[in-house]
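**Q** Predicted model follows, preceded by the sequence.
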Amino acid sequence: MSTAPPKAKLPAQIPFIIGNEAAERFSFYGMRNVLTNFLVGYLLIGLAEPERAAAAKEVFHVFVMGVYFFPLLGGWLSDRYLGKYRTIFWLSLVYCVGQVLLAASVESKPGFYAGLFLIALGSGGIKPCVSAFVGDQFDQSNKHLAKLVFDAFYWIINFGSFFASLLIPPLLAPKPTTITWNDAALFTMDTPLPRAAFGIPALLMVVATIIFWAGRKKYVNVPPTSSDPHSFGRVCLTALQSRGKDQAGLVLVVLGVVGALGGLVTIPWLGVVAGVCLAITIFLAFAGGGVWRLIDHAKGKHPDDDVEGVRAVLRVLVIFALVTPFWSLFDQKASTWILQGNTMALPGWSWFKSAAQMQALNPLLVMLLIPFNNVVLYPALRKLGLEPTPLRRMGTGIAFSGLAWIAAAVLQLVLDGGEQLPVLWQALPYLLLTFGEVLVSATGLEFAYSQAPAKLKGVLMSFWSLSVTIGNLWVLVVNATVKNDAVTQAIKDAGVGVMAFQMFFFAGFAFAAAAAFAWYARRYTLVDYYRKA
């Protein structure tokens, strides 16, 4: 007589992580979604009006680059020294300080920029740890529930983002504003409230930290590797120090060093942050190729499992590199699309006070599309014999982001022609971009976790975040390029405006990336690195 295995249960600690994420995302998107308009309308008011939008866009994307660069630090601290729980908790406190400093410094550039730095450090530092921490709560007995939780995790991120996008931008509205809920007036303000626009997100970040701390006795805590002689970095270093016959690998490393020095030369053109990030990106690209060619020389000096783990990470990094164009399109919805929306007509609804509120469409659509995909779209595709694998979803998502920017570019052509358009026309590009986001980002979290050995999950999650930094780097490179007089004149000679040209350019960038992604995905073999029961 056989006994049926017990039904797998959702880990009891998951609600604490989900609750923390909801409040933290409200905090982050609350300040992020008003950042461009605050810079244009307040902090950068001393600049000439034509320069203000470009400067605000640059500050915004440098900030986002920092947010997604610091995961490298957070992942390293987590994997080597502190573990995921302590890294998340202590950097969350740094995050809280940054949010409070932001609210207190709305009239001070040094204080405000210091707050942005601390938020980038805290938010970025915890980013690779939180999603990996979710995965750590599962084992082989209930790993099939992990996909549902990762989807729920992404859904709750957008739940917080939706309310932040809807409720915070009116606080910067340039005219008397009545805040309503269910047709009832809550309060009316006669002047914009920038301190409140940043103070409410600060309060929510404090709440997020308390929720996370409250679950401390329930979490599964995978210990850090500490002084592991077979860490990712040490295996890579051993491979690079090899004296094997494959000189091509060493040549790639040398080219990486030379290319990085060349990247630093761009600092006067791109700025310090972007120039340094470009240098690091060039070095990682070439050095990663060199390690790939030389990795077999690390065998014998390190366990085979550790060497194969590094090889697995390097294979995934190609996937991440091909996703970077998607992020260059996606993150501009909070800069370029807001600037476009500011030139369009508002619908006249009592609660709709800013084009920035259109961003609420993104998280709302995510909350609708995730269950739609899981319940309707994916089963329908399977019945047709088309399995929506993670890589197929991600490649399709990149292509949809390109379609979104084609739609935005067409709107811009109409605006450049002198015709006024309602801002609600932006709903079409938002729909296309959000569908692409669900296919890329929600899928990518689970994919990144499943493809890395246990002790390298923080490293791989860090590189996933770094792909967002590189995506924003492409935005800064393109923006710096179009400032060149010759390039600007060539765009005008083509008969289109600079913004419309950039939109078509980024659409083409996404389509090229989607094609390359599809080619590589056909050659990629999925692995399963979930923790054993």
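**A** The structure has been received and is ready for your questions.
**Q** next one: the helix or strand harbouring residue 443 to chain centre, how far?
**A** Assessed by DSSP states H and E, residue 443 sits inside helix 443-450. Centroid displacement of helix 443-450 relative to its chain, using Cα atoms, centre = their mean, to the nearest Å, is 14 Å.
**Q** what's the following helix or strand after it?
**A** For helix 443-450, the following helix or strand on the C-terminal side (DSSP H and E) is helix 457-482.
**Q** how about the strands in the stretch 351-500 of the chain?
**A** In the stretch 351-500 of the chain, no strands are defined using DSSP state E, counting those that start in this stretch.
**Q** Tell me where it is predicted with low confidence.
**A** The stretch 351-500 of the chain contains residues with pLDDT under 70 at 458.
**Q** where do the helices sit along it?
**A** Secondary structure of the stretch 351-500 of the chain (DSSP state H, counting those that start in this stretch): helices located at 361-372, 378-383, 390-416, 427-437, 443-450, 457-482, 485-493, 498-521.
**Q** Would you tell me which of those gets closest to residue 309?
**A** Nearest of the helices of the stretch 351-500 of the chain to residue 309, taken as Cβ to Cβ: helix 457-482 at 9.5 Å. From N, CA and C alone the C-beta is placed, and that goes for glycine too.
**Q** which residue is nearest the centroid of this structure?
**A** Residue closest to the mean C-alpha point of the chain, counted by Cα atoms, centre = their mean, is residue 468 at 4.9 Å.
**Q** From residue 303, how far off is that one?
**A** Distance, residue 468 to residue 303, using Cβ to Cβ, to the nearest Å: 32 Å.
**Q** got it, and residue 433?
**A** 44 Å.
**Q** Comparing the two, which shows the higher neighbour count?
**A** More crowded of residue 433 and residue 303, by other Cβ atoms under 10 Å: residue 433, with 27 against 14.
**Q** gap between the nearest residue to that one once chain neighbours are set aside and residue 16?
**A** With Cβ to Cβ, 6 or more residues apart in numbering as the criterion, residue 433 has its nearest non-adjacent residue at 3.7 Å, and that residue is residue 404. For residue 404, the distance to residue 16 equals 35 Å [Cβ to Cβ].
**Q** Please apply the same query to residue 129.
**A** Distance, residue 129 to residue 16, using Cβ to Cβ: 14 Å.
**Q** more neighbours, those two?
**A** residue 129 (29 against 17).
**Q** Quick one: neighbours of the nearest residue to residue 412 once chain neighbours are set aside, just the number.
**A** Excluding its sequence neighbours, the residue lying closest to residue 412 (Cβ to Cβ, 6+ apart) is residue 500, at 4.2 Å. By other Cβ under 10 Å, 22 other residues sit near residue 500.
**Q** Flag the shaky bits of the protein, pLDDT-wise.
**A** Residue ranges of the chain with pLDDT under 70: 1-7, 50, 173-192, 225-227, 243-246, 458, 528-533.
**Q** quick one, what contacts residue 87?
**A** 74, 77, 78, 125, 126, 129 (Cβ atoms under 8 Å, 6 or more residues apart in numbering).
**Q** Who wins on neighbours among the residues you listed?
**A** Ranking the contacts of residue 87 using other Cβ under 10 Å puts residue 78 first, with 31 neighbours.
**Q** Would you check that it makes contact with residue 84?
**A** Yes: checked against Cβ atoms under 8 Å, the pair residue 78 and residue 84 is within contact range at 5.0 Å.
**Q** Could I get the phi/psi values of residue 217?
**A** Main-chain dihedrals, residue 217, degrees, to the nearest 10: phi -90, psi 0.
**Q** how near is it to residue 494?
**A** According to Cβ to Cβ, residue 217 stands 63 Å off from residue 494.
**Q** Run through the helices of the stretch 151-300 of the chain in chain order.
**A** 194-214, 232-240, 247-264, 267-270, 272-294.
**Q** did I read that right, residue 140 in a strand?
**A** No: judged by DSSP: H, G, I helix; E, B strand; the rest coil, residue 140 forms no part of a strand; its state is coil.
**Q** now it: how far from residue 8?
**A** Noted for residue 140: a distance of 10 Å to residue 8, by Cβ to Cβ.
**Q** Return the residues in contact with the nearest residue to residue 85 once chain neighbours are set aside.
**A** Spatial nearest neighbour of residue 85, excluding adjacent residues (Cβ to Cβ, 6+ apart): residue 221 at 5.4 Å. Counting by Cβ under 8 Å, 6+ apart, residue 221 touches 83, 84, 85, 136.
**Q** The nearest residue to residue 391 once chain neighbours are set aside - how many residues pack around it?
**A** The spatial neighbour of residue 391 that comes closest, neighbours along the chain excluded (Cβ to Cβ, 6+ apart), is residue 521 at 3.9 Å. Using other Cβ under 10 Å, residue 521 has 17 neighbouring residues.
**Q** correct me, but residue 521 touches residue 392?
**A** Yes: in this structure, residue 521 is within contact of residue 392 by Cβ under 8 Å, at 7.1 Å.
**Q** Good, we can wrap up now.
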